[in-house]
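Asker: Make a model of this:
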Amino acid sequence: MTTTTLAVLVPLLPFLGAAAGLFLGRTAPGFVRPLAVLPTLAALALAAIVAVRQGGDAAIDSATELTPTGSVPVELALHIDGFAALVAVLVGFVATCVQIYSTGYLRDDPRYPSYAALVSLFTSAMLLVVYSGDLIVLLVGWEVMGICSYFLVGHYWETPEARAASIKAFLVTKLGDVPFLIGLFALAIDAGSFRITKVLSTVTNGGLHHPTLIALLLLAGVAGKSAQFPLHTWLPDAMAGPTPVSALIHAATMVAAGVYFVARLLPVFEASSAAMVVLAVMAAVTMAGSGLAALAQDDIKRVLAYSTIGQLGYMTGALAVGDRGAAVFHLLSHGAFKALLFLAAGVIIHASGTNSLAAMSRMGNLRARVPDAFWTMTVALLALAAIPPFSGFFSKESVLGAAEHAATGDTAHVPGVAGWIVLAAGLLTALLTAAYATRLWLLAFHGRGVEAPDHGRQPVAMNAVLWVLAVPSLALGGLAYRVLPGWFDGRDLTPTLTTSVLGTGVALVGGIVTYGAWRHTTALAARAPLGAVAAHPEGDAGLVEAEAIASHTPAYGDVASAPDPADPGRLLLGPLHRHAASGFHLDAAYAALFVRPVMAAASLVRFLDREVVDTYVRGAGTLPRLLGAAVRRAQTGNMQTYVSALLAGTVVLTVAVLLVATGA
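Answerer: Below you'll find the predicted structure:
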């Protein structure tokens, strides 16, 4: 087969698997799991073949007109460069791991067939975004991911948290998609085409008439899809969905789409210095704010959610300083260790005896209970904290190195102020990342919470996936920074001495200070032992998760006393802790600024419609109704009445005629 044919099959196979899974879910349930895993696995294999054939050389382009429009044509186009080839492999790899993991995690879930089909459709949509060479076709995948996230986040729809989270995720991302769509049309009008290659050619030739406006409109959609400030608030709440869904969304789909889109169209943003500064500020606020919020969360999945927001901030920061190679390098590295973190968290959730939004302060004695999760999550947290030689160190240092080059004026098309903003925020975030990663590790595996009943080892599929993901989390960075420049425009990704020393130094400081604070708070809390936990029937991890969300209680019983107070986050943040724990009250601010005024306006419109418009309509019908009632009363059916009325009318008419005649 030609490379183009193989590339077409990559997103098509998961789509066909999703359709077949939905069709056979009830009639032939035995085929559901193979249809969930095998098409995605085949797509991964084909994506790897496409990547090998592409090899970092000239992009593979192919197009056919999808439909005549009479003006700007819409084409079914492929544009596969080194970035697209490698990101597609990441998507296929993570999606395959999630599907295999889910066969054990949701083995007793009655809605597993629809869940697996939606995961396959989600994967297909992201692969369409990655390979697409036409902006409208890319938009189709972009929007399909949005609707898939709505259904998957709301998988446990019986619970109010899941319903609210799915609606919030859908509406917030749509809020960004409206200006995004306008920006795409404006871009296509200037370029005369939706083809990405023609758009980039137009930018090179200076053909964009309003580059700043277009870039800012597109950034709104990127902020919503990739959970960047100020449209990031949906992502922490999306943790109400099943944990494997969280791994898929955070590691390889949905939130990665916005970063990938900017990387693919980076020259459009570089055409406007103002847009690059806005992108840098957005990245800086996102990085620092999410790091502080993660340090204050008690729920393990919300910590990881804010961690994803911050790591995406690193990627957008790299794009703000004009280095898409560093951005996509960190996207690949982050995809591996963040998927591992979430899937290991799924094992911990089942073993810890807490709810699906697992409170770390209630965890106790888990290291021996879940050794696979302990060791693999330790690897992933070291990668997250950017400790050498783990993969996160190399990819994060490539971002900091790019920011340093931009700050010193070594990068064309990038204002120096953008470099300084990203560099300062990146170093601060490195400190905060190491701090909350250390805190998570200490509270999850060395906390003083109550030990839940032992449910035995997790299914082999779940533990095997953890070790598979641990390999790239450990080894990807050291190999990739030597190989990837050939795929990424030839940009050097080697860590620089200055940023390596600074970044690693602040990370070590963050980890050591957090450990010291934990020792101090543990000593203070030693006289406040926690109570016992009542036993709870054993159950499947996914069902335990759903039951726990519904009951708002720990999944294996109520804790008799307060959670373990040995939380270093409270000590480190001090009075800022309360604000950081609530996400700096952004949801409350949005409710006051937007939600309540809109609801008040809706109430006013409803009042006017009911009391004014409806009253007028009812009044307009009252007179005919009264006349009709009077006429109806005259129809008595009595002949004497009719004859009397006829005679009376005759007399009246006669008198009237005589009067007229006399007057004449």
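
Asker: and stretch 588-605, how far apart are its ends?
Answerer: 24 Å (Cα to Cα, to the nearest Å).

Asker: Give me the contacts around it.
Answerer: Applying Cβ atoms under 8 Å, 6 or more residues apart in numbering, the contact partners of stretch 588-605 are 233, 582. Bear in mind the C-beta positions are built from the backbone N, C-alpha and C, glycine included.

Asker: Please apply the same query to stretch 439-448.
Answerer: Under the contact criterion Cβ under 8 Å, 6+ apart, stretch 439-448 has outside partners 295, 300, 303, 348, 352, 360-364, 366-367, 374, 377-378, 381, 514-515, 518, 522, 525, 529-530, 564, 566-569.

Asker: What of stretch 139-149?
Answerer: 11, 118, 121-122, 124-129, 132, 166, 169-170, 173-174, 177, 181, 184, 221, 225, 238, 249, 253-254, 257, 261.

Asker: Try it again at 6 Å.
Answerer: Under the contact criterion Cβ atoms under 6 Å, 6 or more residues apart in numbering, stretch 139-149 has outside partners 118, 121, 122, 125, 128, 129, 169, 173, 254.

Asker: Of those residues - the most surrounded one?
Answerer: Taking other Cβ atoms under 10 Å as the neighbour criterion, residue 129 ranks highest of those with 30 neighbours.

Asker: Which helix or strand contains that residue?
Answerer: Secondary structure from DSSP states H and E places residue 129 in helix 112-131.

Asker: tell me what that helix is packed against?
Answerer: Secondary-structure packing of helix 112-131 (3 or more Cβ pairs under 6 Å, 6 or more residues apart in numbering; DSSP states H and E): helix 3-24, helix 32-54, helix 82-105, helix 135-153.

Asker: So what's the gap between it and the chain middle?
Answerer: The chain centroid and the centroid of helix 112-131 are separated by 14 Å under Cα atoms, centre = their mean, to the nearest Å.

Asker: ok, now stretch 388-397?
Answerer: Relative to its parent chain, stretch 388-397 has a centroid offset of 24 Å by Cα atoms, centre = their mean.

Asker: tell me which residues of it are tucked away?
Answerer: By neighbour count on 16 or more other Cβ atoms under 10 Å, the buried set for stretch 388-397 is 388, 390, 391, 392, 393, 394, 395, 396, 397.

Asker: so how far is residue 381 from residue 508?
Answerer: Here residue 508 is placed at a distance of 14 Å from residue 381 (Cβ to Cβ, to the nearest Å).

Asker: ok, those two, which is more surrounded?
Answerer: The neighbour comparison of residue 508 against residue 381 (other Cβ under 10 Å) goes to residue 381, with 27 against 15.

Asker: surely the more buried one meets residue 438?
Answerer: No - if you go by Cβ atoms under 6 Å, residue 381 and residue 438 don't touch, sitting 7.8 Å apart.

Asker: now the end-to-end length of stretch 582-592.
Answerer: So stretch 582-592: terminal residues 15 Å apart, Cα to Cα.

Asker: any idea of the mean pLDDT in it?
Answerer: Mean pLDDT, stretch 582-592: 91.

Asker: between the buried residues of stretch 388-397, which is closest to residue 159?
Answerer: residue 392 (33.6 Å; Cβ to Cβ).

Asker: so that closest one is in which element?
Answerer: Residue 392 is part of helix 391-407, with elements assigned from DSSP H and E.

Asker: Which residues are in contact with the nearest residue to residue 494 once chain neighbours are set aside?
Answerer: Nearest in space to residue 494, with sequence neighbours left out and distances taken as Cβ to Cβ, 6 or more residues apart in numbering, is residue 481 at 6.0 Å. With contact taken as Cβ under 6 Å, 6+ apart, residue 481 is in contact with 394, 493, 494.

Asker: quick one, the one helix or strand residue 481 maps to and helix 32-54 angle?
Answerer: Per DSSP H and E, residue 481 falls inside helix 460-483. With axes from the mean of the first three to the mean of the last three Cα atoms, to 10 degrees defining the directions, helix 460-483 sits at 10 degrees from helix 32-54.

Asker: and helix 460-483, which residues are buried?
Answerer: For helix 460-483, burial by neighbour count (16+ other Cβ under 10 Å) applies to 461-466, 468-470, 472-474, 476-477, 480-481.

Asker: what's the offset of it from the middle of its chain?
Answerer: Distance, stretch centre to chain centre, for helix 460-483: 23 Å (Cα atoms, centre = their mean).

Asker: cool, stretch 110-129 as well?
Answerer: 15 Å.

Asker: Give me the residues contacting that stretch.
Answerer: With contact meaning Cβ under 6 Å, 6+ apart, stretch 110-129 is reached by 10-11, 14-15, 17-18, 21-22, 25, 32, 36, 40, 88, 91, 95, 106, 138, 141-142, 144-145, 148, 151-152, 155, 253, 257.

Asker: just stretch 329-345 next, same as before
Answerer: Contact with stretch 329-345 is made by 90, 94, 101, 243, 246-247, 250-252, 256, 259, 300-301, 304, 311, 314-315, 373, 376-377, 380, 383-384, 391-392, 395, 398-399, 466, 469, 472-473, 476-477, 484, 493, as judged by Cβ under 6 Å, 6+ apart.
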